[in-house]
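In: Structure here, sequence nowhere to be found:
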């Protein structure tokens, strides 16, 4: 992914250099053709650079955001599990799970482990981000 960011940065720099390296043609009367002054050209370059930086930062955060799950921790057959309400899945928690207590609503940061042979997907916990307290009681269904 570093190569992609480097290509984007190189493209933005090349465009900025190309725009600033050229001098606008001007008529003999002293006014530039098209009405673009050097000051206008400089602001155009600044705007292009700002837009390019914004796009690059947006792509970076869209791809490299921290993965986190929020849900209720419960004891399962394979150890601690997290019942995630967001995607309606249950994850077996592995990694830094010592601070996690069953029955607590938590948010954990980490990454999903590639699909395993077991019935639930694993989530590698890097840290307990937040403990919201006890899980809400589910109403009994008739």
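Out: Good, I have the coordinates. On a predicted model such as this, the values are computed, not experimentally measured, just so you know.
In: how about low-confidence regions in the chain?
Out: 1-5, 9, 15-16, 18-34, 64-66, 116-118, 137-142 (pLDDT under 70).
In: Domains in it, by residue range?
Out: For the chain, automatic domain parsing gives the domain ranges 2-63, 67-134.
In: what sits opposite residue 128 in the beta ladder?
Out: Counting by DSSP bridges, residue 128 is bridged to residue 108.
In: give me every residue that touches it.
Out: With contact set as Cβ atoms under 8 Å, 6 or more residues apart in numbering, residue 128 has these partners: 96, 99-100, 106-108. For the C-beta atoms, the positions are set from N, CA and C on the backbone; glycine is no exception.
In: how far away is it from residue 80?
Out: 11 Å (Cβ to Cβ, to the nearest Å).
In: follow-up on the earlier one: out of the contacts of residue 128, who has the most neighbours?
Out: Neighbour tally across those (other Cβ atoms under 10 Å): the maximum, 28 neighbours, falls on residue 108.
In: Perfect, I'm done here.
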